[in-house]
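J.: What would the 3D arrangement of this be:
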Amino acid sequence: MKKSVSVFLLLGQIVFGQEKFNIQKEEVKRIESELSSDKMMGREIFTSGIDSASIFIEKEFKKIGLTNYGDLKNYRQEFVVKGKQANNVIGVLLGKSKPNEFVVFSAHYDHLGLKNSGDDKVYNGANDDASGVTAVITLAKYFKELNENERTIIFVAFTGEEVGGFGSKYFTQGINPDTVIAMFNIEMIGTESKWGKNSAYITGFEKSDFGKILQKNLKDSNFSFNPDPYPTEQLFYRSDNARLAAVGVPAHTISTSKMDSEPNYHQLSDEISTLDLDNMSEIIKSIAISSKSIISGMDTPSRVEKL
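T.: Next up, the predicted model:
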């Protein structure tokens, strides 16, 4: 029997028992700043800007020490859509005792690109979804250092979410959904939720017990996950989780975006200066803590009814 683990949230680090593993605001800021910078030119699919973002993510995965996915020779999962080349970026942390059971952490790294005219032409997409990709990279580093995952963890940065979910569609077509235990899709976590700091919501909360498991793992913290408060927006079907959910995977999106009053959503003003990086760092820590029993193999979320 595994010993019980006490969880505490501290500024700049997570403590599990006596072990410390850093998830620091400075690192969150470094990654977010790069992904949402003007030099990425809004990360629109099929542009040099998104190529620059892909290269950056690949370098981060290599620095962390992730392995390649499946038969890939590098971190790029390439495919053709609309007659043009595109790619997801994927890194893997092999599970110790359950290597053929997969837990996916994902976010989309594409955005809206450039406006045709004006002083500010770059849709930086700091919240949408550089914040999610920042979380994926940070979590990859965290779990690599922790080195305790019994299940295999797949870290994915999807392309094409803004124009039809092409990246997640291609990824889903190439994986056996029965092997995917859960998907943590992370979308727009850079602003406070409607409940304020230390809180987020889970889309499709009622469709599996994924959310209840996450809440259980956070019972000793000051963080709360809540059901999606914007049901009329149909957010469960509007992000990259929907592709895997459609084939039965408990695939959910974690977000804080106030969809009824988010002033920078799909605007030129979605820049890093509008984000709460302290709160964003706490959200990433809480995702790490909340996923622990799923990654260890202790908990398996119920399946979603196929859509």
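J.: what ranges do the helices span in the stretch 201-307 of the chain?
T.: Assigned by DSSP state H, counting those that start in this stretch, the helices in the stretch 201-307 of the chain fall at 210-217, 241-245, 277-290, 292-295.
J.: what's the closest of those helices to Phe171?
T.: When the helices of the stretch 201-307 of the chain are compared by C-beta to C-beta, helix 241-245 sits nearest Phe171, at 7.4 Å. Using the backbone N, CA and C atoms, a C-beta is placed for each residue, glycine as well.
J.: Let me have the helices of the stretch 201-307 of the chain in a markdown table, adding distance to Val133 and mean neighbour count as columns.
T.: Converted to a markdown table, the helices of the stretch 201-307 of the chain look like this (distance: least, C-beta to C-beta, whole Å; neighbours: other C-beta atoms under 10 Å):
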| stretch | distance to Val133 | mean neighbour count |
| --- | --- | --- |
| helix 210-217 | 20 | 21 |
| helix 241-245 | 15 | 26 |
| helix 277-290 | 12 | 23 |
| helix 292-295 | 20 | 22 |
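J.: Would you format these as CSV with distance to Ile90 and mean pLDDT included?
T.: Shown next, in CSV, are the helices of the stretch 201-307 of the chain (distance: least, C-beta to C-beta, whole Å; pLDDT from 0 to 100):
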stretch, distance to Ile90, mean pLDDT
helix 210-217, 22, 97
helix 241-245, 14, 98
helix 277-290, 19, 96
helix 292-295, 17, 98
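J.: Nearest to Glu26, out of these?
T.: Going by C-beta to C-beta, the one of those nearest Glu26 is helix 277-290, 9.2 Å.
J.: what's the distance between the closest residue in space to Gly297 that isn't next to it in sequence and Leu244?
T.: Once flanking residues are discounted, Gly297 sits nearest to Glu150: 4.2 Å by C-beta to C-beta, 6 or more residues apart in numbering. Glu150 sits 21 Å away from Leu244, taking C-beta to C-beta, to the nearest Å as the criterion.
J.: ok, now Ile55?
T.: Distance, Ile55 to Leu244, using C-beta to C-beta: 26 Å.
J.: Tell me where the stretch 101-250 of the chain has strands.
T.: Using DSSP state E, counting those that start in this stretch, the strands assigned to the stretch 101-250 of the chain run over residues 151-158, 180-186, 199-202, 224-227.
J.: so what strands line up beside the second one?
T.: So that's strand 180-186. The sheet places strand 180-186 alongside strand 98-108 (parallel), strand 251-255 (parallel), with pairing taken from DSSP bridges.
J.: Show me the contact partners of it.
T.: For strand 180-186, contacts defined as C-beta atoms under 8 Å, 6 or more residues apart in numbering pick out 101-107, 129, 131-132, 135-136, 151, 210, 239-241, 244-245, 249-255, 287, 291, 294, 300-301.
J.: If any of those residues are buried, give me the ChimeraX selection for them.
T.: Buried subset of those, written as a ChimeraX selection, criterion 16 or more other C-beta atoms under 10 Å:
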select :101,102,103,104,105,106,107,129,131,132,135,136,151,210,239,240,241,244,245,249,250,251,252,253,254,255,287,291,294,301
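J.: Could I get the buried residue list for stretch 136-147?
T.: Neighbour-count burial for stretch 136-147, counted by 16+ other C-beta under 10 Å, picks out Val136, Ile137, Thr138, Leu139, Ala140, Lys141, Tyr142, Phe143, Lys144, Leu146.
J.: Looking at the closest residue to Asn124 other than its chain neighbours now. What's its pLDDT?
T.: Distance criterion C-beta to C-beta, 6+ apart; nearest residue to Asn124, sequence neighbours excluded, is Ser36 at 4.5 Å. As predicted, Ser36 sits at a pLDDT of 98.
J.: One more: the one 4 residues further on?
T.: In the predicted model, Met40 carries a pLDDT score of 98.
J.: dump the residue contacts of it.
T.: By C-beta under 8 Å, 6+ apart, the contact set of Met40 is Glu34, Gly49, Ile50, Ser52, Ala53, Asn124.
J.: now Asn198: how far from Asn279?
T.: 7 Å.
J.: again, but for Glu187
T.: Applying C-beta to C-beta to Glu187 and Asn279 gives a distance of 16 Å.
J.: For the stretch 1-150 of the chain, just list every one of the helices.
T.: Using DSSP H, counting those that start in this stretch, the helices found in the stretch 1-150 of the chain span residues 25-35, 48-64, 131-146.
J.: Of those, which is nearest Ser224?
T.: Of all those, helix 131-146 sits nearest to Ser224, with 17.6 Å by C-beta to C-beta.
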